[in-house]
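Novice: model the following, please.
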Amino acid sequence: SEYDYRYMAFYDIEEDLDYLTNFNTTIFNCGLTLENSKNYILEEFRLFVEMERVSLPENERKKCYCESCKKLNIPITKNKYQLKKPFRFLVWSCGFCGSEKLKFNGDHQVKKMILSEYKKNNT
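Specialist: Numbering: from 1, shown residues only. Predicted coordinates:
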């Protein structure tokens, strides 16, 4: 898909609404439900407008929040091993401490943290 990175959140919401309707689960937006979908989308638009207003660069939008070291960072992948197939697989982890306890940038709270940090560092 050749979606502009700035609009991917809306594509993810559309996918999750389809999954909620058909499978009662989400893939990208853990806080999204059929009951709160209108408010969730409005909040996503509000965050989108704010990100556009401050010209938030793509590399800032890719950041995740590590629940272990409490830092925003761009996640990395690391190898994990197990005794069954697939024996080796990749997992997302913190770029600082290596923890797998990440909150991804699709989460509204993480987007607010990213915006706050960016504004603090660029004012």
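Novice: which SS state does the most centrally placed residue in the chain fall under?
Specialist: Centroid check for the chain by C-alpha atoms, centre = their mean gives Asn105 as the closest residue, at 2.2 Å. Here Asn105 is recorded as coil under DSSP: H, G, I helix; E, B strand; the rest coil.
Novice: quick one: residues contacting it.
Specialist: Contacts of Asn105 were listed using C-beta atoms under 8 Å, 6 or more residues apart in numbering, and they are 61-64, 111, 114. From N, CA and C alone the C-beta is placed, and that goes for glycine too.
Novice: which pLDDT value belongs to the residue in the chain sticking out farthest from the centre?
Specialist: Here the chain reaches farthest from its C-alpha mean at Leu83, the gap being 30.3 Å by C-alpha atoms, centre = their mean. Note on Leu83: pLDDT of 96.
Novice: what lies in contact with stretch 56-64?
Specialist: Under C-beta under 8 Å, 6+ apart, the answer for stretch 56-64 is 5-6, 51, 72-75, 92, 94, 102-105, 110, 114-115, 118.
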